[in-house]
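Colleague: need coordinates for the following:
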Amino acid sequence: MPRWLESIMNTPSHHRVHHGRNPKYLDTNYAGVFIIWNKMFGIFQPEEETPDYGFLQNLGTFNPLRVAFHEWAGMLRDISSPNLTIKQRFAYVLKPPGWSHDGSRKTSDQIKADHAT
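Modeller: Next comes the predicted model:
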């Protein structure tokens with residue numbers, strides 16, 4: 001693929017990064033067709049090492065319904081926790097993955113910062 005085209009279009013390399021669970025690859029390269037948007041919004045990451053594919057924590061199942069909807073089930077569990085304010089319940093839906101009202105989990109930015117070299 002011509003280099004100029006690779007700079008604006010989503011390529012197999014960009015897509016591999018999107019599916020990687022390496023800390024530097026978390027929450028990057030969401031492009032469907034044009035990678036230029038990821039570059040404009042600062043969420044582009046070139047492939048620098050072989051991606052380690054998968055979830056941060058393995059699900060322990062290959063059930064396609066569980067794999068497809070486990071995040072939705074987790075968000076439902078979070079927002080239905082007792083003693084949360086309405087603001088905290090909305091935050092579980094609107095904040096980045098890994099956010100928690102008590103700081104007990106790490107977001108992808110925190111994981112990246114822990115592994116920065």
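
Colleague: so which bits of the longest helix seen in the chain are buried?
Modeller: What stands out as the longest helix in the chain, according to DSSP state H, is helix 64-79. Buried positions in helix 64-79, judged by neighbour count with 16 or more other CB atoms under 10 Å: Asp78. C-beta coordinates here come from the backbone N, C-alpha and C atoms, glycine included.

Colleague: surely His70 touches Asn58?
Modeller: No. Judged on CB atoms under 8 Å, His70 makes no contact with Asn58 at a distance of 10.9 Å.

Colleague: hang on, the earlier thing: averaged pLDDT, the longest helix of the chain. What do you get?
Modeller: Helix 64-79 shows a mean pLDDT of 95.

Colleague: repeat that for stretch 93-108.
Modeller: 94.

Colleague: and the residue nearest in space to the middle of the chain, how close does it get to Gln110?
Modeller: Taking CA atoms, centre = their mean, the centroid of the chain lies closest to Asp27, which sits 3.4 Å from it. In this view, Asp27 and Gln110 are 11 Å apart by CB to CB, to the nearest Å.

Colleague: returning to what we had before: need the contact partners of the longest helix of the chain.
Modeller: Taking contacts as CB atoms under 8 Å, 6 or more residues apart in numbering, the residues outside helix 64-79 that touch it are Leu59, Thr61, Arg89, Tyr92, Val93, Pro97, Ser100.

Colleague: may I ask you to confirm that Ile36 is in contact with Ile8?
Modeller: Yes. Counting by CB under 8 Å, a contact exists between Ile36 and Ile8, whose distance comes to 4.6 Å.

Colleague: still on that earlier bit, could you identify the helix or strand that succeeds the longest helix of the chain?
Modeller: Per DSSP states H and E, the first helix or strand lying C-terminal to helix 64-79 is helix 86-94.
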